[in-house]
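[1] Here is a sequence together with a model predicted from it:
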Amino acid sequence: MRLKEEPLWIEWILIDMSTKKRTTRYSQIKPTQRLPKWLRRSIGRASELEKVNSLVKESKLHTICEEGRCPNKAECYAAGTATFLLGGSICTRSCAFCQVEKGMPPARIDPLEAQRVAEAVQKLGLRYVVLTSVARDDLSDHGANLFTSTMSAIRKFNPLIAIEVLTPDFWSRTCDSSLAIKEQRDRLATVLSAEPVCFNHNLETVKRLQGEVRRGATYEHSLSLLNAAREIAPEIPTKSGLMLGLGEEFQEVIQTLEDLRQVDCQKVTLGQYLRPSLSHLPVHRYWTPEEFELIGEIALDLGFSKVSSGPLVRSSYHAIKS
């Protein structure tokens, strides 16, 4: 039996009709700490930023680099890497950390999106592409075919371009757990059948904080997805990412890394959470570069083949090098 379909995002977003501004229960929590010097980054090469931004706008595309306000976008653009956001710009989940707009997306999927992404990749001369998507719980396949159709379109231009995927958890809202597991695996298998060079799905935070940070997702469902990916396509490496600064303790981070290794996750990214706006979760604390270095060393000792750990690291940071 399926649960009643209700927008998850309506639980925490309110609109102040007098100002038209979005407010949440976090909006009255003001910042108490200054941004540390190690998090102040130059904008990079303005020419690269303008080149990519102009093409994305002209092609009516979305990138998580822009929607998520990634601090590394200039560096990645210059290195020949970009992360395209599929399925539109509105997400059906209500994650309290994310800048991407929440709501109910248009029912109709843009049939030309895959082709426009492929053309943009070609024009930009990208060598490594990361495809991600908003959560599309409103679609029967949860957007799995958005990934495969876009990968196919890109490869028609250049079959040698490396493509990494960063997917939602593909979990169904149903009381029948066996059916939910089957549907998750079927959607995952669809994506893996297109043979990405890496399968990425982020845990985002430690188990204790999942309910507050990732509404609509769970620690167990994410681990089951990563585990299933290793079973279905063991030749494709898996990857996950964590944000620090949401209130987690050091030992909880280590336990999370151990849990990822238990499902044979090979790669991991660890970065500092930065609050996108006052309507999002506040930063609990800023972890130092030395702490990130220590956790990175522990992750390598646990057996991860690739670890990117630092304040400005994000899910697709230096993806081309991994």
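    Perfect, thanks for sending it.

[2] ranges for the helices of the stretch 201-322 of the chain?
    Listed in chain order, the helices of the stretch 201-322 of the chain (DSSP state H, counting those that start in this stretch) span 210-213, 219-232, 250-262, 289-302.

[3] least reliable of those helices going by mean pLDDT?
    Set side by side, the helices of the stretch 201-322 of the chain differ in mean pLDDT, and helix 210-213 is lowest with a mean of 89.

[4] chain center to stretch 207-221: distance?
    Centroid displacement of stretch 207-221 relative to its chain, using Cα atoms, centre = their mean, to the nearest Å, is 14 Å.

[5] Any chance you could give me that stretch in CSV, C-alpha atoms only?
    Presented in CSV, the C-alpha positions along stretch 207-221 are these (Å, rounded to 0.1, in the frame of the first residue of the first chain):
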residue,chain,number,x,y,z
LYS,A,207,23.1,8.8,11.4
ARG,A,208,21.9,10.8,14.4
LEU,A,209,21.3,14.0,12.3
GLN,A,210,19.6,12.4,9.3
GLY,A,211,16.0,13.3,10.3
GLU,A,212,16.8,17.0,10.7
VAL,A,213,19.1,17.4,7.8
ARG,A,214,17.7,15.0,5.1
ARG,A,215,13.9,15.1,5.2
GLY,A,216,12.5,12.3,3.1
ALA,A,217,15.7,10.3,3.1
THR,A,218,17.2,7.9,5.6
TYR,A,219,20.6,6.6,6.5
GLU,A,220,19.5,3.0,5.9
HIS,A,221,18.0,3.6,2.5
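
[6] List the buried residues for it?
    207, 209-210, 213-217, 219, 221 (16 or more other Cβ atoms under 10 Å). The way it works is simple: take the backbone N, C-alpha and C, and place the C-beta from them, glycine included.

[7] Just give me the neighbour total for Gly247.
    Gly247 has 18 neighbours, counted by other Cβ atoms under 10 Å.

[8] Val130 now?
    Residues lying near Val130 (other Cβ under 10 Å) number 26.

[9] State whether it is indeed within a strand.
    Yes. According to DSSP: H, G, I helix; E, B strand; the rest coil, Val130 belongs to a strand.

[10] so it touches Ala82, yeah?
    Yes. With contact defined as Cβ atoms under 8 Å, Val130 counts as touching Ala82 (7.3 Å).

[11] pLDDT below threshold where in the stretch 101-250 of the chain?
    Along the stretch 101-250 of the chain, segments meeting pLDDT under 70 span 106-107.

[12] what are the ranges of the strands in it?
    101-102, 128-133, 162-166, 198-200, 238-244 (DSSP state E, counting those that start in this stretch).

[13] Which among these is found nearest to Asn145?
    Asn145 lies closest to strand 128-133 among the strands of the stretch 101-250 of the chain, at 10.6 Å (Cβ to Cβ).

[14] residue contacts, Val121?
    82, 84, 129, 154, 157-158, 161 (Cβ atoms under 8 Å, 6 or more residues apart in numbering).

[15] May I see the ChimeraX selection of the buried members of those residues?
    The buried residues among those can be selected in ChimeraX (16+ other Cβ under 10 Å) with this line:
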select :82,84,129,154,161
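
[16] Closest to Cys175 out of the contacts of Val121?
    Of all the contacts of Val121, Phe84 has the smallest distance to Cys175: 34.6 Å, by Cβ to Cβ.

[17] can I get the helices of the stretch 201-322 of the chain in a markdown table with distance to Val268?
    What follows is those, written out as a markdown table (distance: least, Cβ to Cβ, whole Å):
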| stretch | distance to Val268 |
| --- | --- |
| helix 210-213 | 17 |
| helix 219-232 | 11 |
| helix 250-262 | 6 |
| helix 289-302 | 6 |
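
[18] most neighbours per residue, which of those?
    Of those, the one with the most neighbours on average (mean count of other Cβ atoms under 10 Å) is helix 219-232, at a mean of 19.

[19] what is the orientation angle of that one with strand 238-244?
    Per axes from the mean of the first three to the mean of the last three Cα atoms, to 10 degrees, the angle that helix 219-232 makes with strand 238-244 is 160 degrees.

[20] Could you list every helix and strand that helix 219-232 packs against?
    If contacts are counted by 3 or more Cβ pairs under 8 Å, 6 or more residues apart in numbering; DSSP states H and E, helix 219-232 sits against helix 177-192, strand 238-244, helix 250-262.

[21] Would you enumerate the residues in contact with Gln262?
    Contact analysis of Gln262 by Cβ under 8 Å, 6+ apart lists Leu223.

[22] Report the separation between it and Trp287.
    Look at Gln262 and Trp287: by Cβ to Cβ, to the nearest Å, they are 24 Å apart.

[23] repeat for Cys198
    Separation of Cys198 from Trp287 (Cβ to Cβ): 25 Å.
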